[in-house]
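1. here is my input, please return the structure:
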Amino acid sequence: MNLKIKVANRLIGEEEPAFIIAEAGSNHNGKLSQAKELIDAASRGGVDAVKFQLFKAEFLYAPQHPAFSIVKENEFPRDWLAELTTYANKKGILFLASVFDREAVDLLMKTDTPAFKIASSDTVNLPLLRYAASKKKPIFLSTAMCNLADIYEAIEVIRNEGNEQIVLMQCSALYPTEPSQVHLRAMDALKGAFRRPVGFSDHSLGILLPPVAVARGACAIEKHFTLSRKMKGPDHSYAIEPDELKLMAQNIRTVEQSLGSLEKVMLPEEKKLARRESLFARQDIGQNKEITAEMIEVKRPATGVEARFFLAFVGRKAKRAIKKGDPLLWQDAEA
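-> Coordinates of the predicted model:
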């Protein structure tokens, strides 16, 4: 029942800043230079990590399947891994990847990945989950197309490998996702059922929903981004562009600042303004004179007895002569 995990030097969980993942997906378009540009953009965007996807067509589909050629065209060349991991680290962000097969897990272990991402399609791929979990790295586990039983089984498989480092990611497998299909309240159900850190992998258009999710308690955010939505490829059209990525990250940090404390008290800065009422003398009040309601008025600033004690002040005797307009203080009157 771990409500916080650690990825590299970052804690992820309740009351920690949201861990923001810029999902590059297959938006590298098969070009190493473009992959580096995506890392540059993610670094400038102020996110915590950039992520690619290590799918391989022959591990997912038979050659005669209609999707085989599309997947093949958009593969991430695995010989880029070491170079891009080093490049991302130099840019000050983490390099992450989604794994779809054991070979990808092994390659990421060689580059000392700080965590694995399991896509929703593989949340029920228990052999892959078991193998990835055995490496004792944190796992971001997407939950689209899953019910609670599927998620429970996946978590138990990971835990049985001695790995408790799991972040559940609420998402849908629709690209793009309509707002009515997002179901942010499901994060509450996941957190209540499994007592794990819960994040949000957003496939909706625009940048509105990730900050909203953080306000509802998401501890991690994943969002597809691209250098330009005008580019050709399956992931570009619904992704956000670099300027939007930066604004999204800024909005998330602003939301986090706004969440503040569970306490409901007057702020120190509010006290300085003294924009509240208190009790003042409506007229001169002589020493030993009994104070009546007609002698008191409620005015600003709040430098005297609080206005709520109006009736408690009535009937007391003045210990000293009080001038008209003076704030009334407890020490000015006998009990």
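2. from the chain's centre, how far out does stretch 51-63 sit?
-> Counting by C-alpha atoms, centre = their mean, to the nearest Å, stretch 51-63 is centred 29 Å from the centre of its parent chain.
3. for that stretch, give me every contacting residue.
-> For stretch 51-63, the surrounding residues in contact (C-beta atoms under 8 Å, 6 or more residues apart in numbering) are 21-26, 28, 35, 67-69, 71-72, 75-76, 78, 84, 95-101, 103-104, 107-108, 117, 119, 222. Quick note: C-beta positions are derived from backbone N, CA and C, even for glycine.
4. just the ones of the residues you listed in helices?
-> Among those, DSSP state H puts Ala35, Phe68, Ser69, Val71, Lys72, Leu84, Glu103, Ala104, Leu107, Leu108 in helices.
5. now restrict the contacts of stretch 51-63 to buried residues only.
-> Neighbour counting with 16 or more other C-beta atoms under 10 Å marks 21-26, 28, 35, 71, 75-76, 84, 95-101, 104, 107-108, 117, 119, 222 as buried within the contacts of stretch 51-63.
6. backbone dihedrals for Thr86, both of them.
-> Dihedral angles of Thr86 (phi, psi; degrees, to the nearest 10) stand at phi -60, psi -40.
7. just the pLDDT for it.
-> You'll see Thr86 listed with a pLDDT of 98.
8. ok, now which ones touch it?
-> Applying C-beta under 8 Å, 6+ apart, no residues contact Thr86.
9. let's see it at 10 Å
-> If you count contacts by C-beta atoms under 10 Å, 6 or more residues apart in numbering, Thr86 has them with Phe95, Thr111.
10. go on, Arg229?
-> Asn27, His236, Ser237, Tyr238, Ala239, Ile240, Glu241, Glu244 are the contacts of Arg229 under C-beta under 10 Å, 6+ apart.
11. can you count the residues close to the fifth one?
-> When neighbours are counted by other C-beta atoms under 10 Å, Ala239 registers 26.
12. that one contacts Lys230, correct?
-> No - shown here, Ala239 and Lys230 do not form a contact pair, counting by C-beta atoms under 10 Å, at 11.3 Å.
13. what mean pLDDT does stretch 237-253 have?
-> For stretch 237-253, the mean per-residue pLDDT is 98.
14. just the buried residues of that stretch, please?
-> Buried residues in stretch 237-253 (16+ other C-beta under 10 Å): Tyr238, Ala239, Ile240, Pro242, Glu244, Leu245, Lys246, Met248, Ala249, Asn251, Ile252, Arg253.
15. check which helices and strands the helix with the most length in the chain sits against.
-> With secondary structure taken from DSSP H, the chain has its longest helix at helix 242-259. Counting contacts by 3 or more C-beta pairs under 10 Å, 6 or more residues apart in numbering; DSSP states H and E, helix 242-259 packs against strand 19-25, helix 32-44, helix 209-215, strand 220-224.
16. for those, give me a markdown table that also has distance to Leu259 and mean pLDDT.
-> Formatted as a markdown table, the helices and strands packed on helix 242-259 follow (distance: least, C-beta to C-beta, whole Å; pLDDT from 0 to 100):
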| stretch | distance to Leu259 | mean pLDDT |
| --- | --- | --- |
| strand 19-25 | 16 | 98 |
| helix 32-44 | 25 | 98 |
| helix 209-215 | 7 | 98 |
| strand 220-224 | 15 | 98 |
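17. as CSV, the ones you listed with distance to Leu184 would be great.
-> Shown next, in CSV, are the helices and strands packed on helix 242-259 (distance: least, C-beta to C-beta, whole Å):
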stretch, distance to Leu184
strand 19-25, 17
helix 32-44, 24
helix 209-215, 6
strand 220-224, 12
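18. out of those, nearest to Leu126?
-> strand 220-224 (22.6 Å; C-beta to C-beta).
19. ok, and for the closest one, which residues are buried?
-> Ala220, Ile221, Glu222, Lys223, His224.
20. quick one: strands adjacent to that strand?
-> Strand pairing for strand 220-224, using DSSP bridges, gives strand 19-25 (parallel), strand 198-202 (parallel).
21. now that strand against helix 242-259, angle please.
-> Orientation note: strand 220-224 sits at an angle of 160 degrees relative to helix 242-259 (axes from the mean of the first three to the mean of the last three C-alpha atoms, to 10 degrees).
22. got the CA positions of strand 220-224 in PDB?
-> Only the C-alpha atoms of strand 220-224 are listed here, as PDB (Å, rounded to 0.1, in the frame of the first residue of the first chain):
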ATOM      1  CA  ALA A 220       1.500  12.000 -12.900                       C
ATOM      2  CA  ILE A 221       0.500  13.400 -16.300                       C
ATOM      3  CA  GLU A 222       1.200  12.000 -19.700                       C
ATOM      4  CA  LYS A 223       0.500  13.900 -22.900                       C
ATOM      5  CA  HIS A 224       1.300  13.300 -26.500                       C
END
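23. show me how this structure divides into domains.
-> 8-259, 268-332 (automatic domain parsing).
24. now what about the helix or strand of the chain with the lowest mean pLDDT, what contacts it?
-> Every helix and strand in the chain was compared by mean pLDDT, DSSP states H and E; the lowest is helix 268-273, with a mean of 76. By C-beta under 10 Å, 6+ apart, the surrounding residues in contact with helix 268-273 are Val265, Met266, Leu267, Arg276, Arg300, Pro301, Ala302.
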